[in-house]
Each structure stands twice: as C-alpha cells, then as structure tokens.
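Undergrad: Curious how this folds, go ahead:
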Amino acid sequence: MAEARQSVQALASSPGAAIIPPEFVRPAHERPGATTFRGDAPAPEIPVIDMSLSWPAAGARMAEAARDWGIFQVVNHGIPASAVAELQRVGREFFSLPQEHKSRYAMDPASGKTQGYGSMSLQQKDNHDKKKTPTTWVDFFFHNVSPPAMVDHRLWPGSGSDNGYKEANEEYARHVQRLTRELFGQLSAGLGLEESAMWEALGGEDVVLLQKINFYPPCPQPELTLGVAPHTDMSALTVLVPNDVPGLQVFKDGRWHDVRYVPGALIIHIGDQIEILSNGRYKAVLHRTTVSKDKTRMSWPVFVEPPAEHAVGPHPQFVTDENPAKYKAKKFRDYKHCKINKLPQ
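TA: You can find the predicted model right below:
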C-alpha cells in the first residue's frame, strides 16, 4: 500500500514525542523564530477588502494589493458561512479517522495516482531528498473539484463517518467558481483590460479547481521547523479558508509577516500564472506556514489553475519595445513540470 510509513499526524500523536526527527529541522536562517518580523512598530497588515463595495472601491483595492502584496483577504464575498463551515466539518472528520482508514485514499504517484491523501514526510522520503531539503510538518488531502471531466469521486471519502464529504465539497466548489470569475473580473479591470480578459486567458469554462486540505498537527518544537516551506503558488489564484490558529506568513520588504486571522474572510493568493499574464504587474506572493506547539492548524485552499494544455504568457497589451515580455508563454503542464522539478522556466 502507498501509505506504508508514518504520517506527520501519527508522528505527532506518538507517545513521548518531545523532539522532532532531524529531517524536519530547518537551517538556522530559515527558522521562523529568527526570521519573523518582530519590530517595535506594528507590522504592516495585508489588505482586507469588502467585496460588497462597488467598483472602483473594491476592485481598485484588489489591484493595489495584487501589485504591492500579491495577497489580500476578502469579506462579504458571497460564500455562505454555512457552506464554509460544512467544508471545514467534513475535512476535520476525515483527519480524525484512524490512520488505516485515511490510508485507503493514499496517493501513489508511482502508479499515476496523483490525487489523494499524503504526507510531506513520506513524499520527501520517496524523493530520496531527505538530506538535501528538510521536510515540513504537514499532512494533506487533495483532489479536483472542477471541471466535471476531471473529477474522480472514487478518490473522495464517501461513506461512514465521513458521510457528506462529496456534497460539502461540491457546494463549496460552485461558490468558488462564481467568486473566481468575479475576482478575475476585478483584477482584469485593475489592469485596464475587459473584465472577461483574465478568465478567457486562463482557460474560461475549462479552468481547473483543485481542493486541498492542509493538516498541521501540534509540533513539540515549532521554532525549528515549518509547515510549508517558502514558495509561490503555481496556480493563477488560490482561494484559502483558514482556521483560527495563526500560521500563514508572507514575505515583504525583506521580512516575514504574520497574516492576521479575520473571522469569515477568505485569503486570496496571486499565483504564478497571473504574474505571468500581467507581465509582472501583479506579483505572486512568496509565503510559508509556521506551526503551533499546542494547537492543530488546518487550511482549505482551492488552487485555480489553467487546463494542462492551455498556454499562458504575458498579455499582448503589456508587451512593448520599452517593456518586453518577462516570461515565456508555456503550457501549464510544462510550467508545472519545470517548477516541481526545479528546472529553468
């Protein structure tokens, strides 16, 4: 079976787990305690945008945040609190299942099963990279939720104590589809494009939504490790539901800053594909995740991606003799392969 070794969740709950294994320890210059902003003055906060405001009030703030931060939070976004709560409920229930039950849904890239349940500790071992790069303190579960042709319900929990998983994820995905199109419209307008420009340039009705659950169990030495290492998302956008345990950090002005938890808000990351499309006018946010000593942190990101065969490059309106293309047009499948394998883009 693919999930034959210990997950981070199982490791955290094992008797006498007072120190973390050495493969989780980050170099001193990457440890969160030494690199997080702790100045005398208040740290700058990422923008919180009220989507009930009309253009240009909301859209202009989104565009400014996408340029300056690459990330913002949205409130009054139109996704019912009940849909978010149900998404969180079924996710928590999945991770409360016995390890052998979760293992039924284990991903197995070697056999082509790239969706499902997994752990960064296992993935790192499978990549034979343990000594080169410290692993991270997180387990996860992910699968496509749109378009229908890319959804395989056999990979989703479907009975017993996880009953309701399918219904909760499908309802939430419908709301995210609507929100995504609205966000694309506002961000397009902020670049001086037609509101439909970004939606069409990134795949239109074939845009892929990939739902993920991140599970960060309590860590006995959180000052030494990370939940997710610094990265930008390969997606166009990421729409993230957090829980109330802090942990997300963004890099700005040479420092790491905590993202404040705002009840009811969704966190929107600008991803690589929008940076490419805007020829660098919007910035993909460099971010990472810390972990807690006493509490479980969870998050529910939806990665909004172009179809695999869809090519994304700088929009012609942003390419001139004075401002040449900063990025090559590339099929998303090829872009993803290069980034995962750390190959030149």
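
Undergrad: what are the ranges of the helices in the stretch 1-150 of the chain?
TA: 8-12, 32-35, 57-68, 81-96, 99-102, 120-126 (DSSP state H, counting those that start in this stretch).

Undergrad: Which residue is the nearest non-sequential neighbour of the residue positioned nearest the centre of the chain?
TA: Centrality entry for the chain: nearest residue to the mean C-alpha point is Pro301, 4.6 Å, by C-alpha atoms, centre = their mean. Leaving aside its sequence neighbours, Pro301 sits nearest to Leu240 (C-beta to C-beta, 6 or more residues apart in numbering; 4.3 Å). All C-beta spots, glycine's among them, are computed from the backbone N, C-alpha and C.

Undergrad: For that neighbour, list the residues it contacts.
TA: By C-beta atoms under 8 Å, 6 or more residues apart in numbering, the contact set of Leu240 is Leu248, Leu266, Ile267, Ile268, His269, Ser299, Trp300, Pro301, Val302.

Undergrad: swap the cut-off to 10 Å and go again
TA: 71, 73, 212, 214, 233, 248, 259, 265-269, 287, 299-303 (C-beta atoms under 10 Å, 6 or more residues apart in numbering).

Undergrad: Tell me which strands the helix or strand hosting it pairs with, and in which orientation.
TA: Assessed by DSSP states H and E, Leu240 sits inside strand 237-242. Counting by DSSP bridges, the strands paired with strand 237-242 are strand 266-270 (antiparallel), strand 297-305 (antiparallel).

Undergrad: so where is this protein shaky, pLDDT-wise?
TA: 1-5, 39-43, 121-132, 159-162 (pLDDT under 70).

Undergrad: again, only using 80
TA: Where the chain drops to pLDDT under 80, the residues are 1-6, 15-17, 33-35, 37-44, 54-55, 109-112, 120-132, 158-163.

Undergrad: where along it do the strands fall?
TA: 48-50, 71-75, 116-119, 139-146, 208-216, 228-231, 237-242, 248-252, 255-258, 266-270, 287-289, 297-305, 311-312, 330-331 (DSSP state E).
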